[in-house]
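**Q** using only what follows, build the 3D model:
(chains A and B)
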Amino acid sequence: MPTASPQPENQTLAELCGRGRPRSVILRLFQEGTVRGLLVGCAMFSILITTLIIGILAYETARFLQDVSVVDFLTGLEWNPLLGADRHFGIWPLIVGTLLVTLVAAVFALPIGLVTAIFLSEYAPPWLRAILKPILEVLAGIPTVVYGFFALIVITPALQGLGRLVTGENTFGAYSAGAAGIAVGIMILPIVTSLSEDAIRAVPKGLRDGAFALGSTKFDTSVKVVVPAALSGIMASYLLAITRAVGETMIVALAAGGLAQMTVLPWEQVQTMTAYMVQIFLGDAPATGVEYKSSFAVAGVLFLMTFLLTFAGYRILLRFREEYE
Amino acid sequence: MNDARPNSNHFQKLIDRGVPRTSAARVRIDRAFSIICLGITLIAVLALALLLASILIEGFPGLSWSFIERYASRIPDQAGIKAPLFGSIWVASICAIVALPVGVATAVYLEEFAAKNRVTNFLRINISNLAGVPSIVYGILGLTLFVRMFGLFGPIQNPSFEIGGETFAIYYDSTGEPLRVPVTSRNETPSLTTGSIGYIQDVLDGPDGELIFTNNWTPIPLTIVNGDTEFTPAYGVISAIDVVEPIDYEIQKPWYYVQFPFGQTVLAGGLTLMLVVLPVVIISSQEALRSVPRSLRAGSMAMGATRLQTVFRVTLPASIPMIMTGAILAMSRAIGEAAPILVLGVALFITDVPQSLMDAFTVLPMQIYNWTSRPQEEFRALAATGIIVLLVVLLAFNAIAVLIRQKFSRPLQ
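**A** Numbers count the residues shown, from 1 in each chain, chains lettered A, B, ... in the order given. Take a look at the predicted model:
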């Protein structure tokens, strides 16, 4: 075979074929099998992660439940794990705190997110969309600790001012569920917007054309035809956003306070499940203490909640998906 | 059925009920709605503007080269961000090196090889589920799996398995300088006599009069003196009492030094973040592979290529721009994560840049959290300056993503 200056036009067909291309079938099959095995291994790694998470959380929760009874843990209305002899491990204050922050975030972000999505896909001219989409992408890319900073520096003083203006008293403290909730709301806003917009844009053009042909305005078309058709996608985006809000850590650790109490008032400070875990893992609680073990049990409850939310979102997408075409 | 016959009265009733509003009214509602929509959409813009403005106002005055060059300090004026900056770079690199191959391989398996059956479906559901797990829960997994390794290899402070490092026993000589004596393990107490060789650290005079501790250690013969007799303090001279047991053990770590359990080290941090971003990498790679037209695969197969050849020579090259874009977005998420790193229990006060996989570290978001959570105004300003550095790092990452997208994306049809 000519090694110097290989010029294709001078090579015979036999030479081209002889360049080692069709290797033996057995070798190829062997190669295929090995790489396939590696790929399967990588795919199984994700199963391993899930198994390990569930295993570790279940094991540590079981160890915690040797010290505290299940009934006290799941029905108790008092959570003060650091008070020496008079401590209580009732999870409900943490759950209520988490739900309160999530509720504030949802009230803020879900309607705004949907309306923004409708505007972006149905109303906005292309040039405006080209400006607004990147802005939402930037919001989505900002680390949550930055939102925590924002909650303390901007949102809390703003709410304090507003509270004084409305009631004449200092309603909002330095830490509040409301300030944290609004920051979480800003954080999940891009999730709601981009996923809802995807769902709305996926509605076939024929449906819109049909509505317009019947004399609908854009408002009628979007609100009465397009949004109902995209409802499963919108619901899924809502659930995903709520999952993120429930699991959000840094914002609530910075802005929601550190007092686990049963309250539904957004100007009170609350402690969420994640914020409690931060408190324990940052502090110097001995790794053998009940309070240290309790953080694993709290993580277990948190995992269960987000698991159910994710699963519900998945079912909604499958069940209520409107198939067109 | 006579009553059902429409008459003018019937229509009048319908109109009075307001069901078919006049066209003019409906157009007015439409206009109003579009304006309300625009107003609400601008809330997001306003939020971003406020966020950036507050950070710039608080943090821009503190931004200087010395802020990037300095280490952590309890005095706000002296504090810098060098250790977290390098920690973030180390951790993100480790995360990328592990998460990208595993994530892309999983996506390739699911999209190109896996049969459409229950197992595959379960894998898919599992991955979308993992994407919804809060990052702090991954922190707990990382703590147990990497930092402690289930306690199988002993406590973090005294790892039972070490490879690649040199262990030294530390003594203090009569001048108060640390002396190192090489040993084989942490449990060994060397027997020192006059004439044994110890190592003393070379110290240089810095330009501003401060001392610079180098990584060079000069051998020096030891002199053991009886503690009862008078002697002049000198380098390498130790009293007999101090020789009995070393003060501490130290490990000289080349970059490849590994210990089990990992402890709160760069490697453990990087692997924990890998767990966090792996589902994101898998899902975005799956989308990238799905966007490759079927005809390309069919063409390749028709030419006699195996599935493997098709994947490596046709499908993957065609989807690389999208995979890389998704990967870089995943990496920027890894750089911004604080919660999982916080759970690992990393030290807050780090005054050195990581040199090996087994060095202590902290990351930018952790330092920002630490500064923000302090009540003093000065530390909040530092946090804002730290945020600017973090956002610049993220911006650089995203710029790379855009460049890749532009450079490699070419039409596939």
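
**Q** around chain B, pick out the residues from the stretch 201-325 of chain A.
**A** Neighbours of chain B within the stretch 201-325 of chain A, by C-beta under 8 Å from any C-beta of the partner chain: A:215, A:217-220, A:223, A:240, A:243-244, A:246-250, A:253-254, A:274, A:277-278, A:281-282, A:296, A:299, A:302-303, A:306-307, A:309-311, A:313-314. Every residue, glycine included, has its C-beta placed from N, CA and C.

**Q** what is the burial count for A:Leu65?
**A** 17 (other C-beta atoms under 10 Å in any protein chain shown).

**Q** isn't B:Gln367 up against B:Ile81?
**A** Yes: counting by C-beta atoms under 8 Å, B:Ile81 is a contact partner of B:Gln367 at 6.3 Å.

**Q** put the alpha carbons of stretch A:166-179 into PDB.
**A** Extracted C-alpha coordinates of stretch A:166-179, given in PDB (Å, rounded to 0.1, in the frame of the first residue of the first chain):
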ATOM      1  CA  VAL A 166     -50.600  50.100  56.300                       C
ATOM      2  CA  THR A 167     -50.900  49.400  60.000                       C
ATOM      3  CA  GLY A 168     -48.700  52.100  61.500                       C
ATOM      4  CA  GLU A 169     -46.900  49.400  63.500                       C
ATOM      5  CA  ASN A 170     -43.800  47.300  63.000                       C
ATOM      6  CA  THR A 171     -45.500  44.200  61.700                       C
ATOM      7  CA  PHE A 172     -42.600  42.700  59.700                       C
ATOM      8  CA  GLY A 173     -39.500  41.700  61.600                       C
ATOM      9  CA  ALA A 174     -36.000  41.300  60.300                       C
ATOM     10  CA  TYR A 175     -36.900  37.800  59.300                       C
ATOM     11  CA  SER A 176     -40.300  36.800  57.900                       C
ATOM     12  CA  ALA A 177     -42.000  34.100  55.900                       C
ATOM     13  CA  GLY A 178     -43.300  36.700  53.600                       C
ATOM     14  CA  ALA A 179     -40.000  38.100  52.500                       C
END
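
**Q** briefly note if that stretch comes near chain B.
**A** No: if you take C-beta under 8 Å from any C-beta as the test, stretch A:166-179 misses chain B, and the best it gets is 8.9 Å.

**Q** now that stretch: average pLDDT?
**A** Here stretch A:166-179 scores 88 as its mean pLDDT.

**Q** in that stretch, what's buried?
**A** Using 16 or more other C-beta atoms under 10 Å in any protein chain shown as the test for burial, stretch A:166-179 gives A:171-173, A:175-179.

**Q** who's in contact with it?
**A** Applying C-beta atoms under 8 Å, 6 or more residues apart in numbering or on different chains, the contact partners of stretch A:166-179 are A:97, A:100-101, A:104, A:151-152, A:155-156, A:159-160, A:162-164, A:255-258, A:263, A:265-270.

**Q** pLDDT wise, what is the residue in the stretch 51-200 of chain B that chain A sits nearest to at?
**A** Proximity to chain A, evaluated over the stretch 51-200 of chain B using C-beta to the nearest C-beta, is greatest for B:Pro134 at 2.6 Å. You'll see B:Pro134 listed with a pLDDT of 95.

**Q** for it, what are phi and psi?
**A** Dihedral pair for B:Pro134: phi -60, psi 140, per degrees, to the nearest 10.

**Q** for it, which non-adjacent residue is spatially closest?
**A** Nearest residue to B:Pro134 in three dimensions, chain neighbours excluded: A:Gly247, at 2.6 Å (C-beta to C-beta, 6 or more residues apart in numbering or on different chains).

**Q** what sits against that neighbour?
**A** A:274, A:302, A:306, B:132-137.

**Q** coming back round to it: closest to chain B among the buried residues of stretch A:166-179?
**A** For these, the nearest to chain B is A:Tyr175 (10.9 Å; C-beta to the nearest C-beta).

**Q** tell me the SS of that closest one?
**A** coil (DSSP: H, G, I helix; E, B strand; the rest coil).

**Q** my read: B:Ile251 touches B:Phe168, true?
**A** Yes: with contact defined as C-beta under 8 Å, B:Ile251 counts as touching B:Phe168 (7.4 Å).

**Q** okay, these two: which has more neighbours?
**A** B:Phe168 (22 against 16).

**Q** spell out the secondary structure type for that one.
**A** Per three-state DSSP, B:Phe168 ends up strand.

**Q** near chain A, which residues of the stretch 201-350 of chain B show up?
**A** Residues of the stretch 201-350 of chain B lying near chain A (C-beta under 8 Å from any C-beta): B:275, B:278-279, B:282, B:306-308, B:329, B:332, B:335-339, B:342-343, B:345.

**Q** what do you get if the cut-off is 10 Å, keeping everything else the same?
**A** B:275, B:278-279, B:282, B:304, B:306-309, B:311-312, B:329, B:332-333, B:335-340, B:342-345, B:348 (C-beta under 10 Å from any C-beta of the partner chain).

**Q** now list the buried members of those residues.
**A** Of these, these count as buried by 16+ other C-beta under 10 Å: B:275, B:278-279, B:282, B:307-309, B:311, B:329, B:332-333, B:335-340, B:342-345.

**Q** what residues are up against A:Ile118?
**A** Counting by C-beta atoms under 10 Å, 6 or more residues apart in numbering or on different chains, A:Ile118 touches A:124, A:193, A:196-197, A:200, A:218-219, A:222-223, A:226-227, A:230, A:234, B:33-34, B:37, B:40-41.
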